[in-house]
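Novice: Provide a 3D model corresponding to the input given below.
(chains A, B, C, D, E and F)
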4 protein chains.
Amino acid sequence: MTKTKAGPASAAETAAAPEGAAVKREVRTRDPERTRGNILAAATVEFSSRGFAGASIDAIAKRSGANRRMIYHYFGSKRGLWLAVLEAAYERVRTAELRLHLEQLAPEKAMRALVAFTFDSFIGERTFINLLNSENLHQARHLKGSTRIKTMHSPLIGMLQDILDKGVAAGVFRSGIDPAQLWISIAGVSFFYFSNIFTLSVILDRDLMSKKQIAERRAHVVDLILAGIRA
Amino acid sequence: MTKTKAGPASAAETAAAPEGAAVKREVRTRDPERTRGNILAAATVEFSSRGFAGASIDAIAKRSGANRRMIYHYFGSKRGLWLAVLEAAYERVRTAELRLHLEQLAPEKAMRALVAFTFDSFIGERTFINLLNSENLHQARHLKGSTRIKTMHSPLIGMLQDILDKGVAAGVFRSGIDPAQLWISIAGVSFFYFSNIFTLSVILDRDLMSKKQIAERRAHVVDLILAGIRA
Amino acid sequence: MTKTKAGPASAAETAAAPEGAAVKREVRTRDPERTRGNILAAATVEFSSRGFAGASIDAIAKRSGANRRMIYHYFGSKRGLWLAVLEAAYERVRTAELRLHLEQLAPEKAMRALVAFTFDSFIGERTFINLLNSENLHQARHLKGSTRIKTMHSPLIGMLQDILDKGVAAGVFRSGIDPAQLWISIAGVSFFYFSNIFTLSVILDRDLMSKKQIAERRAHVVDLILAGIRA
Amino acid sequence: MTKTKAGPASAAETAAAPEGAAVKREVRTRDPERTRGNILAAATVEFSSRGFAGASIDAIAKRSGANRRMIYHYFGSKRGLWLAVLEAAYERVRTAELRLHLEQLAPEKAMRALVAFTFDSFIGERTFINLLNSENLHQARHLKGSTRIKTMHSPLIGMLQDILDKGVAAGVFRSGIDPAQLWISIAGVSFFYFSNIFTLSVILDRDLMSKKQIAERRAHVVDLILAGIRA
DNA sequence: TATGAATGAGTCTTCATTCAT
DNA sequence: GATGAATGAAGACTCATTCAT
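Specialist: As a prediction, the model looks like this:
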């Protein structure tokens, strides 16, 4: 993201910009890449914590340390900014998924790892959850128009297919399981827990945010899925 | 628009107001119950389709056919109205759950019925999903203050406990399954599909809203859960 | 315009509101008719002196002494306000025209009076001129939608027809003159002088605003038209 | 968008830029005359169709294909640009007037030609009309400061004087007519028709833009003026 | 109970203009 | 000569809420 523009002063500046915090720079040099990045980071926080309608351009500008006008310069509109935030979030998730290497593992171990990875990816990260919920509230209006996201296919489904095939061949998994359906289920049992963690905590009268509860949930999820596909 | 003060003919008119539709009455008699109900119905639509921040008091007033001031009269504030909407939604869900009678069924059949019921309860109903997502976006701020909802415990968990116990005794289910965790899983695999149906449809490039896809999902969900708890 | 609402205090209040000036009232009682009127008066000044785009809702609100929000309450939008201003202006002009009684006069005298009246109606009144020019800049977009203005036909054309007929019968006017064309000409020779008075003053290097120049113009206009239709 | 520094092919390209159209060039060479001209053409369109306040520097920049900054480079400010547009418009009109040669014609024929020429000069050209109206809205603020325009006296008034003198000498025109007043009248009966063509069409319920109506108007105007000055 | 009038702070967005390169 | 980045003020319009009747 950072464009090294090789000025003598720039090295120090690009060093540490606390992401998400309001940025105050003494030296206001020109750095479009940085300005754009700051806005995007600020918008991600605001949008994900308040929803699309609840977030305000003003607050985003303030948080990013940039001028309000710059948002329109770089992103055109509130919706344009939202889309950029969404795309960046998807990209981050997909990138993380790509770092997962399960080819060498035995089917059962691989599946355990994949489920656990999916579960863990939601811990301490409401950002993506909230963005997804908001986008679904708007019926994926923005996502539909994004060619960029459409081409970012999740590698997880391909991995699942491979693992399932190997497991079936090894006689440990039952056959006939649609990997896409299974992926939705794995994501679902994890996502729902974190997405609805606040209301569920009230309804069930438990603190689902606690480490203990999360660990229990993790174990349950892995067990349930593994048992669910066993031969 | 024309206002005629309570004539003798008005009694018949107050009878049936189609809930959820914008109400246009020639004769506007005084009918607190009705006014309140109209506002609540209108607010449910607006809140669930636009989220808390996205919904406007004005739009709700217009849709309900009531005066803007009446909203404050009956519900105090936007947040008060939101809470009332939320409570009513929970109540509707709980009431539906109570109509479910699984006691006489064999454990497996009962479990299948319960999973299917949960799944079906989300079909064609984004209202509750959206309300829940919005409430979680706000970290259950309103729910926490509602004594009414806190006492409305879902009967499903109790049912699950019974079914699991019977199944374990009959040797068809494995033991050691936490009914609350299982309930979250059942809800999760169903909820996530419908909650994220728009983004998932784009990402997976399938029309998940189609009857065929929903039927497939339903079968997968029931199978997965049943297999997941089998002895 | 003033709606006498027969409260004991209202009499004093409705007395003298200096039209067009910023209104500051100590007692801020409710008086919709008055608020609406104040806004309309303020908008007329702003719109006519700055054009549609140049006028600002804020300035109109300030000048009217009303809240900015009230403008939207009463007129819906800037364009709605503009239309109301335009309609009121047309109404004032038509009303003035109706006070003209030329039936008893001899044809030549009547025609002189009508031309002079038309000319005089533009003296010291840029309001209507500017509104018309702005509306034409926008291709009569608003006027087209106004049923109210469409029904306000100018009585002048009918009068012209009568005068022409009588003059032809008396042998003082030539026949075959279209009253509508003549009306456009009478209006044109007067309107253009006042509408373009500033640029013409510069180009011709004369102060066309001076009383002397205006008197000369008036004489020329009356003479030209009279000579132009003479038999 | 791609910027290629002055290649050998660029010479041919700078030849003919269709004035008034948005310019898209692959090769963007340095051509001050052209850039200035493009801006001026774009500004003429924007200003004349939206008025001074309604036009935006941004839109002009976009339409001209030039950089926003260039406008300030060449014209200093929005007002400076407006003045340049106004001056160019006047120049075009004056140049057209100079091409009119009436010296050889008999007084009546010459006068007819002059009136018809004036009338025709407004057909299909709202540009100048709108610019004049806007400038008058601002009380000729910019025109007053333009030494250039002040020296561009309309040759028409001189021509009128000559024709009137010849006509009086020949006994066909009455004496004592001020050529400046007559010029204003000739312009007025023509200008007003076209300037207010939209509102008049609505009010009179006729399509004054139609060829038939314009022809009728032209005949009326010529006849009226000729009759108006006849001896 | 019910209503429309009224408010001030807020919304997103665009304005003309200047700065650094 | 030419460009894109950056700015603060202003644009129209909507917000949730309260007041007077």
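Novice: per the record, what domains does chain A have?
Specialist: Following the TED database, one gets these domains for chain A: A:31-76, A:82-229.
Novice: which stretch in these has the least confidence?
Specialist: Between the domains of chain A, the one with the least mean pLDDT is domain A:31-76; it has a mean of 92.
Novice: now for the domains of chain A, which one comes closest to DNA strand E?
Specialist: domain A:31-76 (3.1 Å; C-beta to the nearest atom of the strand). From N, CA and C alone the C-beta is placed, and that goes for glycine too.
Novice: about what we covered before: for DNA strand F, find the nearest of the domains of chain A.
Specialist: Once those are compared by C-beta to the nearest atom of the strand, domain A:31-76 is nearest, at 3.1 Å.
Novice: So which residues on chain A come close to DNA strand F?
Specialist: Residues of chain A found near DNA strand F, taking C-beta under 7 Å from any atom of the strand as the criterion, are A:28, A:30-32, A:34-35, A:66-70, A:73.
Novice: and with 6 Å instead?
Specialist: Proximity of chain A to DNA strand F is assessed by C-beta under 6 Å from any atom of the strand, with A:28, A:30-32, A:35, A:66-70, A:73 identified as the residues in range.
Novice: Any of those buried? List them.
Specialist: For the residues of chain A next to DNA strand F, a burial check counting by 16 or more other C-beta atoms under 10 Å in any protein chain shown picks out A:31, A:35, A:66, A:70.
Novice: now, which of these sits nearest chain D?
Specialist: Ranked by distance to chain D (C-beta to the nearest C-beta), these are led by residue A:70 at 15.3 Å.
Novice: which residues does the closest one contact?
Specialist: Taking C-beta atoms under 8 Å, 6 or more residues apart in numbering or on different chains as the contact definition, residue A:70 lies against A:35, A:39, A:61.
Novice: For stretch A:208-217, buried residues please.
Specialist: By neighbour count with 16+ other C-beta under 10 Å, stretch A:208-217 contains the buried residues A:208, A:213-214, A:216-217.
Novice: Spatially, which two of those are the most separated?
Specialist: In terms of C-beta to C-beta, the buried residues of stretch A:208-217 reach their longest pairwise distance at A:208 and A:216, which sit 9.6 Å apart.
Novice: re the thing from before, just put the buried ones among the residues of chain A next to DNA strand F in JSON lines and tack on secondary structure.
Specialist: Converted to JSON lines, these look like this (DSSP: H, G, I helix; E, B strand; the rest coil):
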{"residue": "A:31", "secondary structure": "coil"}
{"residue": "A:35", "secondary structure": "helix"}
{"residue": "A:66", "secondary structure": "coil"}
{"residue": "A:70", "secondary structure": "helix"}
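Novice: nearest to chain C, of these?
Specialist: Within those, proximity to chain C (C-beta to the nearest C-beta) peaks at residue A:70, which comes in at 24.7 Å.
Novice: now that closest one: how far from residue C:62?
Specialist: Distance of residue A:70 to residue C:62, computed by C-beta to C-beta, to the nearest Å: 30 Å.
Novice: Next: residue A:121.
Specialist: When C-beta to C-beta is the yardstick, residue A:121 and residue C:62 sit 55 Å from each other.
Novice: Spell out which parts of chain A neighbour DNA strand E.
Specialist: Close to DNA strand E, as judged by C-beta under 6 Å from any atom of the strand, chain A has residues A:29-30, A:56-58, A:68-69, A:72, A:77-78.
Novice: out of these, which is most surrounded?
Specialist: residue A:78 (18 neighbours; other C-beta atoms under 10 Å in any protein chain shown).
Novice: Excluding chain neighbours, what is closest to that one?
Specialist: residue A:57 (5.9 Å; C-beta to C-beta, 6 or more residues apart in numbering or on different chains).
Novice: wait, the one you found sits on residue A:71?
Specialist: Yes: taking contact to mean C-beta atoms under 8 Å, the distance of 6.0 Å between residue A:57 and residue A:71 places them in contact.
Novice: So for the two, which residues contact both of them?
Specialist: When contacts are counted by C-beta under 8 Å, 6+ apart, residue A:57 and residue A:71 have residue A:81 as shared neighbours.
Novice: re the thing from before, and residue A:121 and residue C:62? which has more neighbours close in?
Specialist: The neighbour comparison of residue A:121 against residue C:62 (other C-beta under 10 Å) goes to residue A:121, with 18 against 14.
Novice: For that one, what are phi and psi?
Specialist: The main-chain torsion angles of residue A:121 are listed as degrees, to the nearest 10 and equal phi -60, psi -20.
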